[in-house]
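S.K.: Fold the following and give me the result.
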Amino acid sequence: MTDLLGSAAGAALVFAATNIDDVVVLTVLFVAARSTGRPRPWQIAAGQYLGIGALIAASVVVAAGLLVVPDPWTGLLGLLPIGLGVRALLARRDDDEPTAVVGGLLGVAGVTIANGADNIAVYVPVFRALDPVDGLVWLVVFAALVALWCAVAAMLGGHPRVIRLVERAGHRLVPAIFIAIGLAILIGSGVLGRLAGMIG
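M.R.: Residues are numbered from 1 along each chain as shown. The predicted model follows:
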């Protein structure tokens, strides 16, 4: 029993450390859901589950040695949130809601995957070391924490001050968040250095 609790605690720490920035993105999306109806709350939650599930599945496949992820090329996924951020800036010119560029379930999942591409580097060695029982504990903890993340973001997204902030500065805040996430992925992954080396 102690081993299972220790495994659960380890899973919670790893999840929190690798997904803390998702709370900001989810909060902005929940504010948009309240004010414009897009994306719908169920699409935000389902998209988060789909994105995290895809990251876990990829990590398990890589950990099993069935696939080699060419590092740091996964960093190119940072182009997705950058593209969404630029699109949100352009959408503002048409008086459209910036968060609407995310779309529905698949858009939320895409942002989650892009934002968590670097998580694979953390998850792979962990999943490689876990036995099946511990692996199941980790999956259960991750599933529970995705729900918690969505609940916290929905609560923050309903707070009057957060709503006022996003409504007042959303046309700049939303694109800035997406572009910053994308740049952090590109820079942190080292893919820009690899590209520069190939060009030079």
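S.K.: what's the longest helix in the protein?
M.R.: Ranked by residue count under DSSP state H, the longest helix found in the chain is helix 160-189.
S.K.: Report the residue spans of this structure with pLDDT below the cut-off.
M.R.: Along the chain, segments meeting pLDDT under 70 span 1-2, 66-75, 77, 91-103, 118, 166-171, 174, 189, 200.
S.K.: Please name the residues that touch the residue nearest the centre of it.
M.R.: Geometric centre of the chain, nearest residue: Thr112, 2.8 Å, by C-alpha atoms, centre = their mean. Thr112 sits next to Asp22, Gly47, Gln48, Leu50, Gly51, Ile52, Leu55 when contact means C-beta atoms under 8 Å, 6 or more residues apart in numbering. From N, CA and C alone the C-beta is placed, and that goes for glycine too.
S.K.: mind redoing it with 6 Å?
M.R.: Thr112 sits next to Gln48, Gly51 when contact means C-beta atoms under 6 Å, 6 or more residues apart in numbering.
S.K.: Then Tyr49?
M.R.: Tyr49 sits in contact with Val146, where contact means C-beta under 6 Å, 6+ apart.
S.K.: The host helix or strand of it: how far from the chain's middle?
M.R.: Here Tyr49 sits within helix 41-63, counting by DSSP states H and E. Here the centre of helix 41-63 is set off from its chain's centre by 9 Å, with C-alpha atoms, centre = their mean, to the nearest Å.
S.K.: What are the buried residues along that helix?
M.R.: Neighbour counts over helix 41-63 (16 or more other C-beta atoms under 10 Å) mark 43-53, 55-56, 58-60, 62-63 as buried.
S.K.: Can you pull the phi and psi angles for His159?
M.R.: phi -80, psi 130 (degrees, to the nearest 10).
S.K.: Would you quantify the distance from it to Ala153?
M.R.: Taking C-beta to C-beta, to the nearest Å as the measure, His159 falls 11 Å from Ala153.
S.K.: who's more crowded, the two?
M.R.: Ala153 (24 against 12; other C-beta atoms under 10 Å).
S.K.: Sticking with that one, tell me its helix or strand.
M.R.: Per DSSP H and E: helix 132-157 holds Ala153.
S.K.: who does that helix touch, helix- and strand-wise?
M.R.: Secondary-structure packing of helix 132-157 (3 or more C-beta pairs under 6 Å, 6 or more residues apart in numbering; DSSP states H and E): helix 2-19, helix 22-36, helix 41-63.
S.K.: Thank you, goodbye.
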